[in-house]
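**Student:** Sequence first, then the predicted structure, then my questions.
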Amino acid sequence: MKIDPNVIQELIAQARKDAPEETCGYLLGKDDEVTENYWMENIDHSSEHFSFAPKDQFAALRYARKNGLKILANWHSHPASPSRPSQEDLRLANDPTIRYAILSLYEGVHLNSFGIRDNQVVDKEIHYSEDEKK
Ligand SMILES: [Zn+2]
């Protein structure tokens, strides 16, 4: 999966704005290329987990359909932990047709996406990596 660099900057800005809470959304695009971020409210308002607001999910689906876009991934931020799925993330990753992206603000900025099957990571792609300047 490719992600437009402008979209990556948007994700970083959104994650920083909502920190210390996790932020979340859908990555929309065509074929294998993400062209848009769709922000969704984290109704848990937590720094350790997230749940999409159902009204935002419905609106996102409508928006995607209207604009001929597909949901390529679901993404969320980890404000204070690395860019890899937590046990809970794995448990909740039930859609094998999309990828799961995690933007970490821990020790720099790192964005990876994962294919998850049967609650296990089956592949990982690195989309952005910037280590903390010491
Ligand atoms: Zn997580």
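**Tutor:** All right, it came through fine. Numbers count the residues shown, from 1 in each chain.
**Student:** Give me every residue in the chain lying close to the ion.
**Tutor:** Contacts of the chain with the ion, taken as C-beta under 5 Å from the ion, map to 86, 89. C-betas here are computed from N, CA, C, even on glycine.
**Student:** residue in the chain nearest to the ion?
**Tutor:** residue 89 (4.1 Å; C-beta to the ion).
**Student:** State whether that residue is indeed within a helix.
**Tutor:** Yes: with DSSP: H, G, I helix; E, B strand; the rest coil as the criterion, residue 89 is located in a helix.
**Student:** correct me, but it touches residue 102?
**Tutor:** Yes: the pair residue 89 / residue 102 is scored as a contact, 7.3 Å apart, by C-beta atoms under 8 Å.
**Student:** Give the buried residues for stretch 77-89.
**Tutor:** 77-79, 81, 83, 85, 89 (16 or more other C-beta atoms under 10 Å).
**Student:** mind listing what residue 28 touches?
**Tutor:** Counting by C-beta atoms under 8 Å, 6 or more residues apart in numbering, residue 28 touches 34-38, 60, 63-64, 67, 69-72.
**Student:** what's the pLDDT at it?
**Tutor:** The model reports residue 28 with a pLDDT of 98.
**Student:** beta partners for it?
**Tutor:** When assigned by DSSP bridges, residue 28 has beta-bridge partners residue 36, residue 71.
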